[in-house]
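> got a predicted structure plus its sequence, pasted below:
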Amino acid sequence: MESRSGLRGIHVCALLVAGGTVALLLSGALVTTTGNGDSIPEWPSTPLLEGSIFEFSHRITAAAIGCGSLALALIASFARDLPRGVRAVGFLTLAAVAIQAGLGGLRVLAAAPGSGVP
């Protein structure tokens, strides 16, 4: 029965990450549509300004997805008797989220004042 429990944990975590990713896409679209991109470039050292709640929620959602992807990879690495490929998909998910987070961070740093990027 333990293998069934491992499958349930992975299944629940994968559903939460997938649902959170949909929320992340929607909040990113909201940031773009409202023109609030880069409204808090020095975050987290600056306070929230009016209108920056959209970008703040997008960044917090992205952090939650990163944590969820890490949890998914950890659950997959310790669960026993997984179907073939499930462990690899868990780690590929973590890698994809890490790459996207790095690209997002580079985008924010490139747009920061004094970065030399117009």
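That came in fine, so what should we check first? Since the model is a prediction, treat every value here as computed from it, not as a measurement.
> Ile10 and Val86, how far apart?
Ile10 sits 6 Å away from Val86, taking CB to CB, to the nearest Å as the criterion. In short, each C-beta sits where N, CA and C put it, glycine included.
> name the SS class of the closest residue to Leu94 other than its chain neighbours, please.
Distances taken as CB to CB, 6 or more residues apart in numbering place Ala73 nearest to Leu94, at 4.1 Å, with adjacent residues excluded. Following DSSP: H, G, I helix; E, B strand; the rest coil, Ala73 is assigned to helix.
> how many neighbouring residues does Ala73 have?
20 (other CB atoms under 10 Å).
> contacting residues around it?
The contact partners of Ala73, by CB atoms under 8 Å, 6 or more residues apart in numbering, come to 90-91, 93-94.
> poorly predicted segments of the chain, please.
Scanning the chain with the threshold set as pLDDT under 70 gives 1-6, 38-51, 111-118.
> gap between the longest helix that the chain contains and the chain center?
If you go by DSSP state H, the chain has its longest helix at helix 2-34. Mean C-alpha position of helix 2-34 versus that of the full chain (CA atoms, centre = their mean, to the nearest Å) differs by 9 Å.
> what do you get for stretch 94-114?
11 Å.
> any idea how far Gly35 is from the spatially closest residue to Pro83 that is not a sequence neighbour?
Distances taken as CB to CB, 6+ apart place Leu7 nearest to Pro83, at 7.9 Å, with adjacent residues excluded. Using CB to CB, one obtains 44 Å as the distance from Leu7 to Gly35.
> same thing with Arg8?
Distance, Arg8 to Gly35, using CB to CB: 43 Å.
> repeat that for Leu82.
45 Å.
> neighbour-wise, which of the two wins?
Taking neighbours as other CB under 10 Å, Leu82 and Gly35 compare with Leu82 leading, 18 against 10.
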